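> Sequence first, predicted coordinates after that:
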Amino acid sequence: MKLIGSLASPYVRKVRVVLAEKKLDYQFELENVWVSETRINDVNPLGKVPCLIMEDGHSMIDSRVMVEYLDTLTPVCKLLPPNGRDRADIKCWEALADGVTDAAVLVRLERTQRPPEQQSEAWVQRQLHKVHLGLASLAEKLGDSPYCAGNHYSLADVAVGCTVGWLSFRFPEIDWRGDYPNLARLYDKLSERPSFRDTAPQ
């Protein structure tokens, strides 16, 4: 397999963490989708990373699709329950974490990709409101549990860890550590894992 992505993307990091946890071999190819010479559209018509190229040459898009598939390839470090409500609960954690990231990415794009005179502060504040509500919800759901799903490490932790790690990287002004000490404790614990330590955003 070949994973196409960047070192900064939280969505790419999520896939890289899962690949590491599952101990799967892959080739990592860096791609900057923002330069004119990018070839990402050759493999993903949406022009996004990550993109996973399978052994047969077909491409898989969307990090949520990728990690769910990768979890089926080996029994090592199962990150998703086999079915039912428990599985749906983990996927809801992932959806919420990704939603926080989605909103923050829109803020970053508004501030960095649009001329100042075309930027909408109302749009920025709308997205930041989603970020803060999402973080509050993640913290409330986590409570005093050692992991998002209770006592065991799962895809929920991978998703939440990649989200808050990226916020620290791109939005240091958002004091999620101070506001939500339980999320900070979780991320510090996750950061001790080689999968997280080796994929810190750059």
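Arrived safely. Residues are numbered from 1 along each chain as shown.

> ok, how many other residues are close to Leu73?
Counted with other C-beta atoms under 10 Å, residues neighbouring Leu73 total 12. In this view, the C-beta of every residue, glycine as well, is placed from N, C-alpha and C.

> Name the helix or strand for it, please.
Using DSSP states H and E, Leu73 is not contained in any helix or strand.

> again with Glu29
Assigned by DSSP H and E, Glu29 falls in strand 27-30.

> what comes up buried for the lengthiest helix in the chain?
Longest helix of the chain, by residue count under DSSP state H: helix 84-113. Within helix 84-113, the residues that qualify as buried by neighbour count (16 or more other C-beta atoms under 10 Å) are 89-91, 93-94, 96-107, 110.

> repeat for stretch 167-175
Neighbour-count burial for stretch 167-175 [16+ other C-beta under 10 Å]: 167-168, 170, 174.

> Between the two ends of it, how far is it?
Start to finish, the residues bounding stretch 167-175 are 9 Å apart (C-alpha to C-alpha, to the nearest Å).

> Name the residues that touch that stretch?
8, 100, 104, 107-108, 131-132, 135, 176-177, 201 (C-beta atoms under 8 Å, 6 or more residues apart in numbering).

> and if you look at stretch 65-79?
Stretch 65-79 is contacted from outside by 14-15, 18-19, 21-24, 50, 52, 60, 80, 90-91, 94, 153-155, 158, using C-beta under 8 Å, 6+ apart.

> Show the buried residues in the residues you listed.
For the contacts of stretch 65-79, buried by 16+ other C-beta under 10 Å: 14-15, 18-19, 21-22, 50, 52, 60, 80, 90-91, 94, 153-155, 158.

> one step back: and the angle from the next helix or strand after the longest helix of the chain to helix 84-113?
Note on helix 84-113: by DSSP H and E, the next helix or strand toward the C-terminus is helix 121-142. Using axes from the mean of the first three to the mean of the last three C-alpha atoms, to 10 degrees, the direction of helix 121-142 lies 150 degrees away from that of helix 84-113.

> Contacts for helix 121-142, please.
Residues outside helix 121-142 that contact it (C-beta under 8 Å, 6+ apart): 93, 96-97, 99-100, 103-104, 106-107, 110-111, 148, 160, 163-164, 167, 171, 174, 176, 179-180, 182-183, 186.

> list the buried ones in that helix?
127-128, 130-131, 134-135, 138-139, 141-142.

> which one of those residues is nearest Asn41?
Gln127 (25.9 Å; C-beta to C-beta).

> what's the distance between the closest one and Trp176?
Distance of Gln127 to Trp176, given as C-beta to C-beta, to the nearest Å: 15 Å.

> now Trp93
Using C-beta to C-beta, Trp93 is found at 16 Å from Trp176.

> Can you classify Lys23 as helix, strand or coil?
coil (DSSP: H, G, I helix; E, B strand; the rest coil).

> re earlier: what two of the buried residues of stretch 167-175 are the furthest from one another?
Pairwise distances across those (C-beta to C-beta) peak at 9.1 Å, for the pair Arg170 and Ile174.

> Looking at Asn83 now. What's its pLDDT?
Note on Asn83: pLDDT of 88.
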